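Q: okay, predicted coordinates and the sequence, questions at the end:
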Amino acid sequence: MQMISKFRLIVLGSIISILFSVMTVKAEVVKNAFGGSPWIAFPGSYRLTPAFPDKASRYDLLNFKPATGEFDALKVTGQFPHARYFGLNLYDYNEATDFAGLADRDIMPDEGSINPFEIGADRSAENRTYTIWLVKEGAAVPEGAKNIMTYPDGIETLAFMTRVYRSDKGLNLLGGVPLPVVEAIKLDGQDATAPKVGIDAKGLQSKLKMFLFNLDIITTWNLQKEFAGDEIVFNRISDAGLFPNAHNEYVTAPLEQCYWNKVAVLTLKEVPTAEDTYEGGNFEGDTDVRYWSFCTGGLAETGTPDCLCDDQVNKNEDGTVTIVIAPYYLKSSVKKAGLNYMKWGLVYKPIIIHRHMLARDGFEGRIGNVAPIGRPPAEEDRNEAYLDAHNAKNWMGDYTPKGYIYTVKEFKEKLNAGEFHTAFE
């Protein structure tokens, strides 16, 4: 009964979180700059942040209505963060579909500055500013402008999102720099009026349906679990309409609904190489991915109870990785055995998400090579043969996470026998 009450509080908190994100962006139309504090912060470390965020990430969102302003372009100025990744995206807020995206390495720095995400660049450089231009498709752009992101005419509400992943040690989730400044510009030099910031009831309704008990995702979970049983089987699921980030690729697997007396064990036989910048150093450019992680999530509120990223995992003696998702009272036993612990948290229909960021072309274990299943699959595809044909291992090979669900008793017996110190075959 106590667990149900806590779960209700989590769902209620998620609703309040989404509603609060609407109320905090109301700002008056002013000349040139956006009034108030127009950015909405979505720290991944916050349990109730929706959309299955990585806990080492932070998203910041600026929603605005282009038709309400008088401007030719929006000028975005900021500093490159001290972090593993930085990205920018433009979305149709109501549909959660993307128009344009810029990865950190593709952003041209201002004159006299450097882009610290370029291979071999000094990541500690002080001169690290950039300028981005948001312009309607077909419209004139400022002379000499670089880093142009365009959006279609007629969009009711645009969402401009920044993402930062794995800030350097000792820095906040923004990577130790302020949020960008956004300014409305007219090409003739006259005063511009910034567009109105905020969303409407239509936008709010679409987000509540998307992030709270999303029926499409729940239907997909049920289908995956029906045929997987106690095996943890990964599929790539379409992320269309979920504010996708083109620089990330994901495979997911359902876990166990009655999880409080269960343990999920995952192994990686082959582990992707990644850039490790947490304690300093420059980007080398010869890794399989920029970043990878595992995160748990729940389908009631799409929050994230726990994550492990590449520079946090312990490897077994043979170079493989074992991750254990278990009740909290087993944490010390798992850690003592040298394995990686993740908590269940309080969730409805738990999932595990494996993320690759900016995978290199030609990487044989790349998640982006996996054919996605529908969300949910079409009626004629809701069968075991379809899911087997779309099992991630068919594309990722030994880079595919493999795992099983055990009772606590079974897990303890196998742990004591030392059975989890290599990858499952």
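A: Yep, that arrived. Residues are numbered from 1 along each chain as shown.

Q: where are the low-confidence patches of the stretch 101-250 of the chain?
A: Scanning the stretch 101-250 of the chain for pLDDT under 70 picks out the ranges 200-202.

Q: how is the most centrally placed residue in the chain assigned, secondary-structure-wise?
A: The centre of the chain sits closest to residue 53, judged by Cα atoms, centre = their mean, with a distance of 4.4 Å. Taking DSSP: H, G, I helix; E, B strand; the rest coil as the rule, one finds residue 53 in the coil state.

Q: which ones are touching residue 263?
A: 324-327, 330, 405-408, 410-411 (Cβ atoms under 8 Å, 6 or more residues apart in numbering). Every residue, glycine included, has its C-beta placed from N, CA and C.

Q: now those residues in a markdown table, with secondary structure and pLDDT?
A: Supplementary listing: these in a markdown table, determined by DSSP: H, G, I helix; E, B strand; the rest coil; pLDDT from 0 to 100:
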| residue | secondary structure | pLDDT |
| --- | --- | --- |
| 324 | strand | 99 |
| 325 | strand | 99 |
| 326 | strand | 98 |
| 327 | coil | 97 |
| 330 | helix | 98 |
| 405 | strand | 98 |
| 406 | strand | 98 |
| 407 | strand | 98 |
| 408 | helix | 98 |
| 410 | helix | 98 |
| 411 | helix | 98 |
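
Q: so which of those is the most crowded?
A: Counting neighbours by other Cβ atoms under 10 Å, residue 325 comes out on top of the contacts of residue 263 with 30 neighbours.

Q: from residue 298, how far out is that residue?
A: Distance, residue 325 to residue 298, using Cβ to Cβ, to the nearest Å: 12 Å.

Q: can you report how many residues neighbour the nearest residue to the residue nearest to the centre of the chain once chain neighbours are set aside?
A: The spatially closest residue to residue 53, leaving aside those adjacent along the chain, is residue 44, at 3.7 Å (Cβ to Cβ, 6 or more residues apart in numbering). Residue neighbour count, defined by other Cβ under 10 Å, stands at 23 for residue 44.

Q: thought residue 44 was touching residue 55?
A: Yes - in this structure residue 44 lies within contact range of residue 55 using Cβ atoms under 8 Å: 4.7 Å.

Q: now do the shared contacts for those two.
A: With contacts taken as Cβ under 8 Å, 6+ apart, the residues that reach both residue 44 and residue 55 are 304, 307.

Q: the residue nearest to the centre of the chain and residue 43: what is the separation?
A: Spatial separation of residue 53 from residue 43 under the definition Cβ to Cβ is 8 Å.

Q: need the pLDDT of the residue nearest to residue 53.
A: What the model reports as pLDDT for residue 44 is 95.

Q: and it, how far from residue 123?
A: Here residue 44 is placed at a distance of 22 Å from residue 123 (Cβ to Cβ).

Q: the helices in the stretch 101-250 of the chain, which residues?
A: Counting by DSSP state H, counting those that start in this stretch, the stretch 101-250 of the chain forms helices over residues 201-211, 215-228, given from the N-terminal end onward.

Q: same check, this time on the stretch 301-425 of the chain
A: Along the stretch 301-425 of the chain, counting by DSSP H, counting those that start in this stretch, helices occupy 331-336, 384-389, 393-396, 408-416.
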